[in-house]
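Q: Need coordinates for the below:
(one chain, ligands or ions: 1)
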Amino acid sequence: MWETEESSPLQEGNVLDIIDDSSIRLYNEIVRVHCLICGETFIGPKDQAGLFIFGHKKFHLWTIDIDDMGGV
Ligand SMILES: [Zn+2]
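A: Model prediction:
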């Protein structure tokens, strides 16, 4: 785990300023979320956590759709 001095800033509860090529985002709280269907876990800023959840929801619904089509 992250217990050393050089621990990752990506830890639940940390608040980071995130700078990339096109933007600066201040006070991003790092959150931990997991998918209720497959259990995959994501740790990162909330907007990306939202994309993670949204992406999994879409993906799992898609696999259910495929199953339904197979059952017709
Ligand atoms: Zn999932």
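
Q: What helices and strands are in contact with the strand ranked longest in the chain?
A: If you go by DSSP state E, the chain has its longest strand at strand 24-34. Counting contacts by 3 or more CB pairs under 8 Å, 6 or more residues apart in numbering; DSSP states H and E, strand 24-34 packs against strand 15-19, strand 41-45, helix 46-71. Bear in mind the C-beta positions are built from the backbone N, C-alpha and C, glycine included.

Q: nearest to Glu29, of the ones you listed?
A: Among these, strand 15-19 comes nearest to Glu29, with 5.2 Å by CB to CB.

Q: Quick check: buried residues in the closest one?
A: 16, 18 (16 or more other CB atoms under 10 Å).

Q: what's next to that strand, contact-wise?
A: Strand 15-19 is contacted from outside by 9, 24-30, 45, using CB atoms under 8 Å, 6 or more residues apart in numbering.
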